[in-house]
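> Pasted the sequence and its predicted model underneath.
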Amino acid sequence: MMTAAIEASGLGKAYRRAWALRDCTLVIPEGHVVGLVGPNGAGKTTLLRLATGMLAPTCGAITVLGQRPAAGLAQLARVGYVAQDTPAYARMRVADHLRLGAWLNPGWDDGLAQRRIAQVGLDPKQRAGSLSGGQRAQLALTLALAKRPELLLLDEPVAGLDPLARREFLRGLMEAVAEHGTSVVLSSHLVTDLERVCDYLIVLVASRVRIAGEVSELLASHHRLAGPRRAPGTLPAGQDVIEQSHTDKQSTLLVRTDEPIHDPAWTVTPVSTEELVLAYMNPANDIPARRPQLGVAS
Amino acid sequence: MIEFQLDETSGVATYLQLVQQVHQALRMGMLEPGDQLPTAQQVVAKLAINPNTVHKAYRELERDGLARARPGLGTFITRSPSGTDPATQARFLTAMTDWLRSARSAGLGPDDIEAIYRTALRACFAEGAA
Amino acid sequence: MIRLTWLQFRAQAVTAAAALAAFAVLLAATGPHLASLYAADGLDSCHGGSSCLSPASYFTGSLSQSPYGVLFLLSTGVILLAPAVIGLFWGAPLIARELETGTAALAWNQSITRTRWLAIKLTVIGLTAIAVTEALCLMQTWWAAPISQAVADGSGAGVAQSRFSQLNFATHGITPLGYAAFAFALGVTAGALIRRTIPAMAITLAIFTALQVAMPLWVRPHLAPPDHTVRPLTSLGGAGPSQTGPGGDIFTLYALNIPGQPGAWVLSSGAVNAAGQPVSTTPAACTSVGGTGVSAGAQGRAFPPGQGPGAFVDCLASHGIREAITYQPASRYWRFQLTETAIYLALALALAGYCFRRLSRLS
């Protein structure tokens, strides 16, 4: 039985005026690259900061690798974090950042750090303030990876990068996963990048989890149905309509179901990851409240 | 060694694309039994995809009997997609040649032989895996 | 973590070292000449007796018009300002800048707890702050030794200031140490609460200045219960009518020092009559005697006999008026220094403790 990478139950975080995250119950398994998707302001950053211990929950609980976030040196060493905008010390050189990592992390792999810096073409003598966005992102990723964490949390690391820099960043990340088996939770509002690298998805909208599950299971349980116009109430139980659109002659539905669809009136086609995510992200869609996380007994 | 490509617009799952590319390479003769498939790390370095996708593709190839993972060494092609290894194929080729010779000397022409072949093929595979 | 603290603190450390070096060079270059001026005024040979008073007053009086007087004031200013500068530029950015630039996410997600991070930063930079301020203070004390000696000899002229005076007390001894620690802790706390460097600097400056003004005015006089004494009026003190009021002229007394209590800190003085009650109205017989209120030590005015400040004082004394003085004796100087420093250190520790709690819980 694998330890969950992150386990949240009833997790919520409120600021003065509003809830940033509510009723968040999740079990994120280890050994996956998890995509945390949602529009801006949905609560992705809040969830990640709660997982790193930089925020304290208002209600509910969260454990990371079986322990409270930032519970102590050992736990801090097992979790790596790259914050939004990949911050770095503007006046410190690249080499100094690596020294920072070496001094503060007993598990620091300096060989890995130096190799990565050379591989991505960073000048160790250059000050971080004069690096481009893509270079700074690579520096931040190197710092997080060289620590050899079991779990890596990344908050929109590629948001401000051009397509080439984005691809390079994801390449470096996936190489690290291939080599060390690191679990990754990666938040983004760009769906196309996630399709390439994620095998587990969480959709967060308006501070709530809409759906969470393995990509293969999600794709297997969601179907697009096209057929003559009819009211959705006429579907058999066990099939949840996520999204629907009607013309005068035709109905098109996106349904979630574990059972096969027997009704011959429907043309059944598979759903792509992007379509699935967009459907769940659309606030106009009323998601039926079945257990939101597939594969988890409620 | 085969080099994988990824077509993001095709709508086909990534792991399936890899499987299909291996099938294609085998058919075209670019891959032969005994060849090593790229490691997950090599594929990831080129395509920036999830390594689990590569493992999933290779597991599918193993299930189809096309490849086998040797721990510590890599994943290797075991046979071509036609379903058998060259030795077995040679055996049946010999048996078929003998049968054809005796059919010909019994007076059967190419069309008769083809009709007999098709009837027998249909009947054989209709009764399921033998 | 210690190495990282120095790495991040590099720029400020270099500035501080340069400032210390410049200060040291300036004082070292001029100190010996100041000592020779002291000797030239004959103060070396009077051996601390009462004959030193006049040359001591001359020495400090003439200094105030020379560049040495300016240097004395400037160096005093540097020591006064150092804690504030430390609080603003070393304290306020410590946490606030990390939160502002987002580098806190980098620093606090390494394999080090926030508590340890803060503990090392506070200790290393705090001790440096204390060392720098105290170094400035000791250097200036060494340089100004001739002036201090002249003050001990009784001079009150020019640059001479008694040890208990506001400027002197805050820039000598160990009080600068306490101010530095407190200002630093105040800056760090402001940064942790406000989370932005510039506003934190402003708040730190405001609160520190307010405290530095309030302490000598309202707290320091009460750090030990004062002594009281009633003295006969002498012409060594000063007295003079200050204004004409409805009940008659009003006079005031200025007690500069207390005979038999050299270097004492006079908190307040007032006139009392023979029965011990406070009195401020000039007795009718003395109103014509006075002249304007000048201290007995002023020179250069001639008065007719039976007139003038001296005669005024004698007239008041003949009516039974004496002087009631509230003061702190000079022997209590180090007690006051220790008490005040302890207060500031305690405040600094309390603020630091608050910072730890705040940081470990965040928001």
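Okay, I see it.

> Let me see the confidence value for the closest residue to chain C within chain B.
Per CB to the nearest CB, B:Asn50 is where chain B lies closest to chain C, at 24.1 Å. Bear in mind the C-beta positions are built from the backbone N, C-alpha and C, glycine included. Listed pLDDT for B:Asn50 reads 93.

> Pull the number of nearby residues for it.
Residues lying near B:Asn50 (other CB atoms under 10 Å in any protein chain shown) number 28.

> just A:Leu73 next, same as before
By the criterion of other CB under 10 Å, A:Leu73 has 15 neighbours.

> Neighbours of the residue lying closest to it once chain neighbours are set aside, how many?
Excluding the flanking residues, the one nearest A:Leu73 by CB to CB, 6 or more residues apart in numbering or on different chains is C:Ser111, at 5.5 Å. Using other CB under 10 Å as the criterion, C:Ser111 is surrounded by 20 other residues.

> residues in contact with C:Ser111?
Applying CB atoms under 8 Å, 6 or more residues apart in numbering or on different chains to C:Ser111 gives the contacts A:Leu73, A:Leu76, A:Ala77, A:Leu104, A:Asn105, A:Pro106, A:Gly107, A:Lys147.

> so what's B:Thr78 up against?
B:Thr78 touches B:Pro33, B:Gly65, B:Leu66, B:Ala67, B:Arg68, B:Asp85, counting by CB under 8 Å, 6+ apart.

> Report the beta-bridge partner residues of the closest residue to it other than its chain neighbours.
Nearest-residue entry for B:Thr78: B:Arg68, 5.1 Å, with adjacent residues in sequence omitted and distances by CB to CB, 6+ apart. With DSSP bridges applied, B:Arg68 shows beta-bridge pairing to B:Phe76.

> In chain B, mark out all the strands, start to finish.
B:36-37, B:67-70, B:74-77 (DSSP state E).

> If you could redo that for chain C, that was the one I meant.
So, for chain C - with DSSP E - the strands run C:227-232, C:238-245, C:248-254, C:265-272, C:322-328.

> ranking those strands by mean pLDDT, which is last?
strand C:238-245 (a mean of 51).

> Tell me the spacing between the nearest residue to C:Ala135 once chain neighbours are set aside and C:Asn168.
Take C:Ala135 and drop its neighbours on the chain: the residue closest to it by CB to CB, 6+ apart is C:Leu20, 6.1 Å away. Separation of C:Leu20 from C:Asn168 (CB to CB, to the nearest Å): 22 Å.

> ditto for A:Ser130
With distances taken as CB to CB, A:Ser130 is found 49 Å from C:Asn168.

> what does A:Ala88 give?
Applying CB to CB to A:Ala88 and C:Asn168 gives a distance of 48 Å.

> Neighbour count: those two, which is higher?
Taking other CB under 10 Å, A:Ala88 and C:Asn168 do not tie; A:Ala88 has more neighbours (24 against 18).

> which residues touch the residue nearest to the more buried one when sequence neighbours are not counted?
Leaving aside its chain neighbours, A:Ala88 sits nearest to A:Ala128 (3.8 Å; criterion: CB to CB, 6+ apart). Listed by CB under 8 Å, 6+ apart, the contact set of A:Ala128 reads A:Ala88, A:Tyr89, A:Ala90, A:Arg91, A:Met92, A:Arg93, A:Val94, A:His97, A:Arg136, A:Leu139.

> Write the ChimeraX selection for whichever of these are buried.
Remark: buried members of the contacts of A:Ala128, expressed as a ChimeraX selection using 16 or more other CB atoms under 10 Å in any protein chain shown:
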select /A:88,89,92,93,94,97,136,139
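
> now the helices for chain B?
If DSSP state H is used as the criterion, the helices of chain B fall at B:14-28, B:40-47, B:51-63, B:86-105, B:110-126.

> from the chain's centre, how far out does the longest one sit?
Yep, that's helix B:86-105 we're talking about. 22 Å (CA atoms, centre = their mean, to the nearest Å).

> Now do the longest helix seen in chain A and helix B:40-47, the angle between them.
Identified as the longest helix of chain A according to DSSP H is helix A:163-180. Angle, helix A:163-180 to helix B:40-47, by axes from the mean of the first three to the mean of the last three CA atoms, to 10 degrees: 180 degrees.

> and after helix A:163-180, which helix or strand comes next?
Where DSSP states H and E defines the elements, the next helix or strand beyond helix A:163-180 is strand A:183-188.

> list the helices and strands the helix or strand of chain B with the lowest mean pLDDT packs on?
The weakest-scoring helix or strand in chain B, judged by mean pLDDT, DSSP states H and E, is helix B:86-105 (a mean of 86). Judged by 3 or more CB pairs under 8 Å, 6 or more residues apart in numbering or on different chains; DSSP states H and E, the packing partners of helix B:86-105 are helix B:110-126.

> Packing partners of the helix it packs on?
Helix B:110-126 sits against helix B:86-105, with contacts defined as 3+ CB pairs under 8 Å, 6+ apart.

> which ones are touching residue 35?
You didn't pick a chain, so chain A it is. A:Leu186, A:Ser187, A:Ser188, A:Leu194, A:Val197, A:Cys198, A:Tyr200, A:Leu201, A:Ile202.

> wait, chain C
C:Ala145, C:Pro146.
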